[in-house]
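Asker: what follows is a predicted protein model with its sequence.
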Number of protein chains: 2
Amino acid sequence: MSNVVCLVSGGLDSATVLGLMLAEGHYVFPRTFNYGQLHKRELESAQQVVWYYQRMFPAQLATLEVVELLFLKKLGGSALTDPTLAVPLQRTDGEMSKKIPITYVPGRNTILLSVALSIAEVKDADGVAIGVNALDYSGYADCRPEYIDAMNGVAKLSSKRAVEGRPITILAPLLHMTKRDIILKGTEIGVPYELTWSCYQGGGKPCGKCDSCILRARGFEEAGLKDPSLSS
Amino acid sequence: MSNVVCLVSGGLDSATVLGLMLAEGHYVFPRTFNYGQLHKRELESAQQVVWYYQRMFPAQLATLEVVELLFLKKLGGSALTDPTLAVPLQRTDGEMSKKIPITYVPGRNTILLSVALSIAEVKDADGVAIGVNALDYSGYADCRPEYIDAMNGVAKLSSKRAVEGRPITILAPLLHMTKRDIILKGTEIGVPYELTWSCYQGGGKPCGKCDSCILRARGFEEAGLKDPSLSS
């Protein structure tokens, strides 16, 4: 058992990573980020997921803290933070794999991982866990395996711990899994998918048409399971 | 001539980098960071330096923007942001080279470079310039050449530009220079060192005893020059 900083977005992937870390016996510092997302629903979902797990693993989970990164909103350039840009809908697989969409927040994962590495250093945590996934994703540059390798190269050098020979490791357990396999594994270990939120758009219910909704729906379908977030 | 995001701290090194970028004809987006430094003097110096250069190079320099990273203060762990931790004074060369001091802000350069890469992507800038220096420095892990190489490895992969084959490059022109050589080069190109601030402590005048003051004083001495910030 070691200490791990876990990034929690409120979505399906990061809820699964949190569940995996707890099932493996780690003590987890959960962190979510407010980077000016147009829709606060995902922050609420992140909190719901963490509360759920605090009841399940009371001795293994610190309080969820929200890290404020509002300069990212000011910077603009993404449909997730700029109300004047529309979220693309009904994209085909070819479009998703070839073209980085306007929902991409420039450099987001690098910033989130940098901040998580800094938190890990202060908390003396051995790892930083993130739910990136290179198979069923939305075409973002910073979800690829070689990108995670490069960030691990930075982690190996950048901290006081690294100088002492105890570098922090970036853990991306979903990197090579399909959405189907993620959902099957998560269901097996009891991830509360009914509390998660994947949709890029606002509203009381998922739109069903953005990349994130499409990938989620297909994942549940291929897993032969019903998405519990759609049942109510 | 290309667009460059330049990190400006108010200190001697970053003022020199800004001068070099402008002398090379780049259009520069200057950015400074408020990470909860105990002493605001360095932010004031950063603004003074940028104002100076805006008069010298009116067509090459955007407005200085301050990026708020106050979560770093909350995180703690450094004498630069935590008033309960004392800045170490009168450290010898051996101590500086061997022991990372309490003035180290965990993961700071990784976070600053990540944010700068994100800004560069939005501004379509080709480079990010930073004044890190591996010779006369205070023993920080994230000032070493291999660290900059690792961050360039991330930059080569992480952006939309990178996917399009036009990655952003991290420029660290002072990396292999001694403080003496930095000061000689900067003086040659007219860097306004009288406006810069290096001291880790607060107060109206530099303390002369912290690592940063010691390295600066030695640099001017070895360059055979008087430090203009001490003349008034």
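Answerer: All right, it came through fine.

Asker: ok now stretch A:9-22, how far from the chain's centre?
Answerer: Stretch A:9-22 sits 7 Å away from the centroid of its parent chain (C-alpha atoms, centre = their mean, to the nearest Å).

Asker: stretch A:18-37 now?
Answerer: Distance, centroid of stretch A:18-37 to centroid of chain: 9 Å (C-alpha atoms, centre = their mean).

Asker: buried ones in that stretch?
Answerer: Going by neighbour count (16 or more other C-beta atoms under 10 Å in any protein chain shown), the buried part of stretch A:18-37 is A:18-24, A:26-33, A:35-37. Glycine gets a C-beta too; all of them are placed from N, C-alpha and C.

Asker: just the ones of those residues in strands?
Answerer: Of the buried residues of stretch A:18-37, the ones assigned to strands by DSSP state E are A:27-33.

Asker: residue boundaries of the helices in chain A?
Answerer: Ranges of helices within chain A are A:12-23, A:41-56, A:71-75, A:93-98, A:108-123, A:145-158, A:160-163, A:179-188, A:211-223, based on DSSP state H.

Asker: low-confidence bits of chain A, can you list those?
Answerer: Where chain A drops to pLDDT under 70, the residues are A:1, A:38, A:76-83, A:85, A:87, A:94-104, A:136-139, A:231-232.

Asker: which residue of it lies farthest from its centroid?
Answerer: residue A:164 (29.5 Å; C-alpha atoms, centre = their mean).

Asker: before we move on, back to that, of all the helices of chain A, which one is nearest residue B:197?
Answerer: When these are compared for distance to residue B:197 using C-beta to C-beta, the nearest one is helix A:71-75, at 23.4 Å.

Asker: okay, buried residues for the closest one please.
Answerer: Buried residues in helix A:71-75, defined by neighbour count with 16+ other C-beta under 10 Å: A:71-73, A:75.

Asker: kindly report the same for stretch A:110-124.
Answerer: Those would be A:110-123, for stretch A:110-124 by 16+ other C-beta under 10 Å.

Asker: and what of stretch A:160-178?
Answerer: By neighbour count on 16+ other C-beta under 10 Å, the buried set for stretch A:160-178 is A:160-163, A:167-175, A:177-178.

Asker: what's the answer for stretch A:190-206, then?
Answerer: Of the residues in stretch A:190-206, A:191-193, A:195-201, A:206 count as buried by neighbour count, 16+ other C-beta under 10 Å.

Asker: show me the buried residues of stretch A:160-178 that map onto strands.
Answerer: Those of these mapping onto strands are A:169-171, per DSSP E.

Asker: just the closest of these to residue B:92, please.
Answerer: Residue B:92 lies nearest to residue A:169 out of these, by C-beta to C-beta, at 34.2 Å.

Asker: what's near enough to touch the nearest residue to that closest one once chain neighbours are set aside?
Answerer: Counting by C-beta to C-beta, 6 or more residues apart in numbering or on different chains, residue A:127 is the residue found nearest to residue A:169 once chain neighbours are left out, at 4.9 Å. For residue A:127, the contact set (C-beta atoms under 8 Å, 6 or more residues apart in numbering or on different chains) comprises A:2-5, A:26, A:120, A:168-171.

Asker: picking up where we left off before, what about chain B: which of the buried residues of helix A:71-75 touch it?
Answerer: A:71-72, A:75 (C-beta under 8 Å from any C-beta of the partner chain).

Asker: between these, which is nearest residue A:53?
Answerer: Using C-beta to C-beta, residue A:72 comes nearest to residue A:53 of those, at 26.6 Å.

Asker: isn't residue A:190 up against residue A:19?
Answerer: Yes: the pair residue A:190 / residue A:19 is scored as a contact, 6.9 Å apart, by C-beta atoms under 8 Å.

Asker: adding distance to chain B, write the buried residues of stretch A:110-124 out as TSV.
Answerer: Compiled in TSV, the buried residues of stretch A:110-124 are given as follows (distance: C-beta to the nearest C-beta, whole Å):
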residue	distance to chain B
A:110	4
A:111	4
A:112	9
A:113	8
A:114	4
A:115	6
A:116	9
A:117	5
A:118	3
A:119	6
A:120	8
A:121	4
A:122	4
A:123	9
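
Asker: of all those, which comes closest to residue A:183?
Answerer: Nearest member of those to residue A:183, counting by C-beta to C-beta, is residue A:112, at 23.1 Å.

Asker: and the closest one, what does it touch?
Answerer: For residue A:112, the contact set (C-beta under 8 Å, 6+ apart) comprises A:7, A:33, A:130.

Asker: hey, C-alpha coordinates of stretch A:189-209 in PDB?
Answerer: Output of stretch A:189-209 as PDB, limited to C-alpha atoms (Å, rounded to 0.1, in the frame of the first residue of the first chain):
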ATOM      1  CA  ILE A 189     -15.200  -4.000  -8.800                       C
ATOM      2  CA  GLY A 190     -18.300  -2.000  -8.100                       C
ATOM      3  CA  VAL A 191     -17.600   1.400  -9.700                       C
ATOM      4  CA  PRO A 192     -20.800   3.500  -9.200                       C
ATOM      5  CA  TYR A 193     -21.300   4.400 -12.800                       C
ATOM      6  CA  GLU A 194     -24.700   5.800 -12.000                       C
ATOM      7  CA  LEU A 195     -23.000   8.700 -10.400                       C
ATOM      8  CA  THR A 196     -20.600   9.500 -13.300                       C
ATOM      9  CA  TRP A 197     -21.100  12.100 -16.000                       C
ATOM     10  CA  SER A 198     -19.500  11.900 -19.400                       C
ATOM     11  CA  CYS A 199     -21.400  14.400 -21.600                       C
ATOM     12  CA  TYR A 200     -19.600  17.400 -23.000                       C
ATOM     13  CA  GLN A 201     -22.800  19.400 -23.100                       C
ATOM     14  CA  GLY A 202     -24.800  20.800 -20.200                       C
ATOM     15  CA  GLY A 203     -28.400  19.900 -19.300                       C
ATOM     16  CA  GLY A 204     -30.100  17.500 -17.000                       C
ATOM     17  CA  LYS A 205     -29.500  14.500 -19.200                       C
ATOM     18  CA  PRO A 206     -26.600  13.400 -21.400                       C
ATOM     19  CA  CYS A 207     -27.100  14.600 -25.000                       C
ATOM     20  CA  GLY A 208     -26.200  11.200 -26.500                       C
ATOM     21  CA  LYS A 209     -24.600  12.900 -29.500                       C
END
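
Asker: wait, residue A:187 touches residue A:194, no?
Answerer: No: using C-beta under 8 Å, residue A:187 is not in contact with residue A:194, being 11.3 Å away.

Asker: so how far is residue A:132 from residue A:219?
Answerer: Relative to residue A:132, residue A:219 is positioned 15 Å away (C-beta to C-beta, to the nearest Å).

Asker: look at these two and report which has more neighbours.
Answerer: Comparing residue A:219 with residue A:132 by other C-beta atoms under 10 Å in any protein chain shown, the one with more neighbours is residue A:132, at 25 against 22.
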